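Engineer: For reference, the sequence and a predicted model appear below.
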Amino acid sequence: QVHLIESGGGQVQTGGSLNLSCVVSGRTSDSFAMGWFRQAPEKEREFVAAVSWSGASTHYADSVLGRFTISKDIAENTVYLRMNSLKPEDSAVYYCAADPYKTYVVILAAEYAYWGQGTQVTVSS
């Protein structure tokens, strides 16, 4: 059984920073392609950032490019999302996703096998 546990959400002012973490438990011998998605109220879930199973390749949504950084600790089966220069439009529930069968960067939500419960990020103006 695989579980993803996110942490690090919270409330910050415009221009602030937050660090999100997501730990994968179970099947710890596997490497995972991992990603972050977000969903604001009354909007569809959208891709934010993704990292390949090795951690060598990353991809970002245009809206966060240059502000957010995704990284992966393979030994700890943990993925991080460093969010700088936060804007009110970044407010959403952020979800971690993982897949043990893909080695490449995955940007489509439907391709992920496992999901976390989400962590709220609120950016006030």
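Structural biologist: Yes, it's here.

Engineer: My guess is residue 37 contacts residue 48. True?
Structural biologist: Yes. If you go by Cβ atoms under 8 Å, residue 37 and residue 48 touch, sitting 5.8 Å apart. Glycine gets a C-beta too; all of them are placed from N, C-alpha and C.

Engineer: Check the burial of residue 104 by counting its neighbours.
Structural biologist: As a burial measure, residue 104 scores 13 neighbours (other Cβ atoms under 10 Å).

Engineer: do the one 3 residues further on as well
Structural biologist: Burial of residue 107, expressed as a neighbour count using other Cβ under 10 Å, amounts to 16.

Engineer: doesn't it fall inside a helix?
Structural biologist: No. Per DSSP: H, G, I helix; E, B strand; the rest coil, residue 107 lies outside any helix segment and is coil.

Engineer: residue contacts, it?
Structural biologist: Residue 107 is in contact with 35, 47, 50, 59, counting by Cβ atoms under 8 Å, 6 or more residues apart in numbering.

Engineer: any idea which element the most centrally placed residue in the chain lies in?
Structural biologist: Nearest residue to the geometric centre of the chain (Cα atoms, centre = their mean): residue 36, 2.3 Å. If you go by DSSP states H and E, residue 36 is part of strand 33-39.

Engineer: ok, and what's touching the following helix or strand past that strand?
Structural biologist: Of the helices and strands lying after strand 33-39 in sequence (DSSP H and E), the nearest is strand 46-51. Here strand 46-51 makes contact (Cβ under 8 Å, 6+ apart) with 33-39, 57-61, 64, 68-72, 79, 81, 94, 105-109.

Engineer: And these, which of them are buried?
Structural biologist: 33-38, 58-61, 64, 68-70, 72, 79, 81, 94, 105-107 (16 or more other Cβ atoms under 10 Å).

Engineer: still on that earlier bit, anything in contact with each of residue 37 and residue 48?
Structural biologist: Counting by Cβ under 8 Å, 6+ apart, the shared contacts of residue 37 and residue 48 are residue 94.
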